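Enquirer: Show me the folded form of this:
(chains A and B)
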Amino acid sequence: MNEKTSAFFRYLAYVIEIILAFILGSAPKLMPELFGAKPCLLLCVCITISIFEREIPSMIFGLVCGLLIDLGYSYGVGMFTVALTLLCFVIGYAANNLIRATFPYFILCSAAVTIAVFMLYFLVNFVWQGYQDAFVYFKAHLISRIVQTIVFSVGFYFLNRFIYRTLSEEA
Amino acid sequence: MKEFFKSAKVKALLSILLVLVMLAVLTSNTENNFLSSVVNTLTFSMSKVTAASADDGRDGLSDQELLEEYKRLKEENADLRAQLVDYYAVKSENERLWKFYDLKKEHPDFELIPASVLRKDPNDEFYSFTLDKGSSSGVKTADPVVSETGLIGWVSECDTNTCKVVTILSPRTGIGAADSKSGDVGVVTGSSTLASDNLTMFSKLKANHKVEIGDIITTTGISGLYPKGLIIGEVTDLGYDTYDTSHYAVIKPYENLKKLTSVAVIIGFSGQGEVLLQNQKD
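Expert: Predicted coordinates:
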């Protein structure tokens, strides 16, 4: 299988994965709420894709996931689109030039990006909006959402690692 | 390092980021942008299928009751097979409409559009959701959204096929309301501390208010955004907010807003858009 063919099938697998993550995350009653929150599956998907792919594909998948998070729920291009486009580009560059795509590095990366994105979300949608009970929401929902997203990203890491190893040129 | 920042990849990233920021500014200020219409149109069918499949249909029945009902329905189904081809579609729509029959009987001026919950925003802690009706069905921004037990939210955004509903648990909500027993007026708005318990707040009460636990809170209809007399919920607690030094009551809606699957949008009612004058409030 040459590089272009293998890349095509990998990207197709990623697209299916993104669609499934979108459906699982947004369908009512499908995923249970634990400790007041659900994980952001699209965030897990784009981070794990970026660990294995180069900068431009990572950026594009980050853009798509961010768009789905923003447009699917709030009708405007927003914070997630811009943040994930930039962060996935950075992860893609780092994974190919600075660090190795191993599990310990992935966990660090996933935790850092998840915390950064949700803290930005909290700042933009709660602190700057002036909600007086912003930190109550932080304790009741956001901490749980961050932890669950990091935990779920582990599963997506192994899935995408399997996809990459099976459908890359080396295979 | 300099070569990295001058590389084509970084230039591509910066170009895309610039376009995204411009789109973010553009789409944040328009009610009905084509980008969200495209995404929601593409995901509409998918979301309908998953929303329907996620409904287990038990409706709180036990296994024995379900088995008996299954046997009864199987016999009835055999009789109904001879019916017209579109019978099941009409029956399904009829069941949804019957839930709002009493509401329509009490308010004959309401124009109700039944709608199903298409998806829920997992990032929103005030349980906002998206419905499967949009501007093509007559839904507009700021239309009230009700269940068979009372007001549950308002349409915040709307495109051709879908609309997003903000619930009464959200701090973005501000509804002029009154105690149906004492007549005290205030504003119903959400709170981060109460939302997870399916509670909301009846705030800005006067110091000498006569609101009591068990009172029913309804809309005043003064602003013209909500019909008058729509039930919001029942008072379960009273309190004093030291942050803005005002009295408030905690309200429990009659509906569990976390588990909604079908609602109705009021797209028209008598007095919509008309601000009530002082002498018309009574």
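Enquirer: which stretches of the stretch 151-282 of chain B aren't confidently modelled?
Expert: B:273-282 (pLDDT under 70).
Enquirer: partners of A:Ala37 in the sheet?
Expert: Under the criterion DSSP bridges, A:Ala37 forms beta bridges with A:Leu34.
Enquirer: I figured it hits A:His141, correct?
Expert: Yes. Assessed by Cβ atoms under 8 Å, A:Ala37 is found in contact with A:His141 at 4.7 Å. Backbone N, C-alpha and C define where each C-beta goes, glycine included.
Enquirer: Please enumerate the shared neighbours of the two.
Expert: In terms of Cβ atoms under 8 Å, 6 or more residues apart in numbering or on different chains, A:Ala37 and A:His141 are both contacted by the residues B:Glu125.
Enquirer: Got the confidence number for the closest residue to A:Asp70 other than its chain neighbours?
Expert: The shortest distance from A:Asp70 to any non-neighbouring residue, by Cβ to Cβ, 6 or more residues apart in numbering or on different chains, is to A:Gly78 (4.2 Å). Per-residue pLDDT puts A:Gly78 at 80.
Enquirer: again with B:Thr27
Expert: Reported pLDDT for B:Thr27: 69.
Enquirer: try the one 5 residues further on
Expert: Confidence per residue is given as pLDDT, and for B:Asn32 that number is 57.
Enquirer: again, but for B:Leu84
Expert: Residue-level pLDDT assigned to B:Leu84 equals 54.
Enquirer: Give the full set of residues in contact with the residue sitting nearest the centre point of chain A.
Expert: With distances taken as Cα atoms, centre = their mean, the residue of chain A nearest its centroid is A:Leu43 (1.9 Å). A:Leu43 is in contact with A:Cys65, A:Ile69, A:Leu84, A:Val113, A:Thr114, A:Val117, A:Thr149, A:Ser153, counting by Cβ under 8 Å, 6+ apart.
Enquirer: quick one: it is in a helix?
Expert: Yes. Counting by DSSP: H, G, I helix; E, B strand; the rest coil, A:Leu43 is found in a helix.
Enquirer: just the helices in the chain please.
Expert: This is for chain A. Secondary structure of chain A (DSSP state H): helices located at A:3-26, A:41-52, A:55-74, A:79-97, A:103-122, A:134-137, A:143-167.
Enquirer: nope, chain B please
Expert: Using DSSP H, helices in chain B cover B:2-6, B:8-28, B:34-53, B:63-80, B:87-98, B:101-106, B:192-195.
Enquirer: Quick one: name the residues of the stretch 101-250 of chain B near chain A.
Expert: The interface of the stretch 101-250 of chain B toward chain A, taken as Cβ under 8 Å from any Cβ of the partner chain, is made up of B:117, B:119-125, B:128-130, B:157, B:159, B:164, B:171, B:191-193, B:196, B:243.
Enquirer: Any of these buried? List them.
Expert: B:117, B:119-125, B:128-130, B:157, B:159, B:164, B:171, B:191-192, B:196 (16 or more other Cβ atoms under 10 Å in any protein chain shown).
Enquirer: Flag the helix or strand of chain A with the lowest per-element mean pLDDT.
Expert: helix A:134-137 (a mean of 78; mean pLDDT, DSSP states H and E).
Enquirer: buried stuff in it?
Expert: Neighbour count says helix A:134-137 has A:Ala134, A:Val136, A:Tyr137 buried, by 16+ other Cβ under 10 Å.
Enquirer: Share the number of residues neighbouring the nearest residue to B:Thr149 once chain neighbours are set aside, please.
Expert: Excluding its sequence neighbours, the residue lying closest to B:Thr149 (Cβ to Cβ, 6+ apart) is B:Tyr254, at 3.7 Å. Number of residues near B:Tyr254 (other Cβ atoms under 10 Å in any protein chain shown) recorded here: 15.
Enquirer: Let's see the pLDDT reported for residue 127.
Expert: Unless you meant another one, I'm taking chain A. Looking at A:Val127, the pLDDT reads 82.
Enquirer: try again with chain B
Expert: 88.
Enquirer: Contact partners for it?
Expert: B:Lys120, B:Thr167, B:Leu169, B:Ala195, B:Leu257, B:Lys258, B:Leu260.
Enquirer: Distance of it relative to chain A?
Expert: Taking Cβ to the nearest Cβ, to the nearest Å as the measure, B:Tyr127 falls 10 Å from chain A.
Enquirer: Check B:Lys74 too.
Expert: In terms of Cβ to the nearest Cβ, B:Lys74 sits 26 Å off from chain A.
Enquirer: go on, B:Lys206?
Expert: Taking Cβ to the nearest Cβ, one finds B:Lys206 at 21 Å from chain A.
Enquirer: okay, now the residue nearest to that residue when sequence neighbours are not counted: neighbour count?
Expert: With sequence-adjacent residues excluded and distances taken as Cβ to Cβ, 6+ apart, B:Lys206 is closest to B:Asp184, at 6.7 Å. Using other Cβ under 10 Å, B:Asp184 is surrounded by 19 other residues.
Enquirer: Select, out of the helices of chain A, the one closest to B:Ala207.
Expert: B:Ala207 sits nearest to helix A:134-137 of all the helices of chain A, at 25.8 Å, using Cβ to Cβ.
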